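Asker: Build the 3D model from these lines:
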Amino acid sequence: MKKTSCLFLLSALICFSFKPAFKEGFSQKSIRNNGNFKKGEFLKYRIHYGFIDAAEATVEIKNENPTIGGHNAMHVLGLGYSKKTFDWFFKVRDRYETYIDEQEMVPLVFIRRVDEGGYLINQNMVFNHEKKKVDSDGKIFDVPDDVQDMLSAFYYARCIDFSNAKDGDIFTIPGFVDNENFPIKIKYVGKETIKSDVGKVRCIKFRPVLQKGRIFKKEEDLKVWISDDKNHIPIRAQADILFGSLKIDLMEYSGLANEMAKED
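Answerer: Modelled structure (predicted):
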């Protein structure tokens with residue numbers, strides 16, 4: 001069974017929570033940041049375990065201009081941490097970083113530092129998309145086109161055009177997680193306006209198709225709502241898991257590239 005971190009849940013559950021990220025018949029080369037987000041964007045989430053306010057996670061595009069191997073990049077920092085009142089049960093301190101090619105929307109470098117109840121992960125990945133290889137702490141793996149790490153997928157997915165999506169359409173994103181190619185499918189199930197910590201928001205709703213038997217009871221035990229605007233910000237995720245239930249809610253945001261689809 002894979003260890004599933006607080007921030008991995010935010011990424012895998014929200015960026016819908018990893019074959020190319022488009023519906024069949026769509027060109028993957030349409031996946032670009034066309035003003036969906038910008039440097040300086042900051043998102044903060046509250047993570048509930050059952051009725052317990054268990055953890056928080058933040059995802060931020062740093063206001064920096066790094067260059068990696070001659071590629072202009074975005075530096076994204078994700079932090080996940082259990083609340084002090086939950087530390088006695090299961091202490092979590094997670095740090096994820098990714099450097100994403102601004103033009104191609106693929107990761108260049110991925111850094112993972114996980115401390116969960118004393119379980120530690122220290123991982124460093126360098127991606128070579130021309131050769132379709134990734135160097136993970138000295139081990140070389142073959143990867144598909146446009147492969148994403150668990151944090152860059154959060155942004156790659158936000159660039160997908162859902163304007164012509166119909167109920168039942170399935171989209172996928174190619175991911176590389178724990179030294180494995182790990183595609184996750186998501187099913188479009190329509191639109192819904194929800195009340196959230198940041199107000200009433202018009203949303204697009206998905207049901208990611210998951211691998212049951214790991215932490216999920218059924219293949220579609222996860223629901224995700226993203227803002228129905230150009231930002232495509234994950235607003236909420238709910239999941240029934242083998243050992244309870246999880247709910248993730250956006251509680252704070254700033255630096256958005258576009259106005260959020262909020263209602264009075």
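
Asker: V147 touches V177, doesn't it?
Answerer: No: using Cβ atoms under 8 Å, V147 is not in contact with V177; the gap is 10.3 Å. Backbone N, C-alpha and C define where each C-beta goes, glycine included.

Asker: Pick out whichever of the two has more residues nearby.
Answerer: V147 (27 against 18; other Cβ atoms under 10 Å).

Asker: Give me the neighbour count for A157.
Answerer: Residues near A157, counting by other Cβ under 10 Å: 28.

Asker: give me the element it is part of.
Answerer: helix 152-158 (DSSP states H and E).

Asker: quick one: contacts for G117?
Answerer: Listed by Cβ atoms under 8 Å, 6 or more residues apart in numbering, the contact set of G117 reads F90, K91, V92.

Asker: run the last query once more with 7 Å
Answerer: F90, K91 (Cβ atoms under 7 Å, 6 or more residues apart in numbering).

Asker: Now do the phi/psi pair for it.
Answerer: Main-chain torsions, G117, degrees, to the nearest 10: phi 60, psi 30.

Asker: ok so, going back, might you calculate how far the helix holding A157 sits from the centre of the chain?
Answerer: Per Cα atoms, centre = their mean, to the nearest Å, the displacement of helix 152-158 from the mean C-alpha position of its chain is 6 Å.

Asker: Tell me how far stretch 54-67 lies from the chain's centre.
Answerer: With Cα atoms, centre = their mean, you get 12 Å for stretch 54-67.

Asker: Now do that stretch: distance from first to last residue.
Answerer: 37 Å (Cα to Cα, to the nearest Å).

Asker: now swap in stretch 207-223 and tell me
Answerer: Using Cα to Cα, the two ends of stretch 207-223 sit 5 Å apart.

Asker: C-alpha coordinates for the helix holding A157, PDB please?
Answerer: Extracted in PDB, the C-alpha atoms of helix 152-158 (Å, rounded to 0.1, in the frame of the first residue of the first chain):
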ATOM      1  CA  SER A 152       2.800  20.000 -11.300                       C
ATOM      2  CA  ALA A 153      -0.300  18.000 -12.200                       C
ATOM      3  CA  PHE A 154      -2.200  20.400 -10.100                       C
ATOM      4  CA  TYR A 155      -1.400  23.200 -12.600                       C
ATOM      5  CA  TYR A 156      -1.400  21.100 -15.700                       C
ATOM      6  CA  ALA A 157      -5.000  20.000 -15.100                       C
ATOM      7  CA  ARG A 158      -6.100  23.600 -14.600                       C
END
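
Asker: neighbours around I184, how many?
Answerer: Around I184 there are 22 residues (other Cβ under 10 Å).
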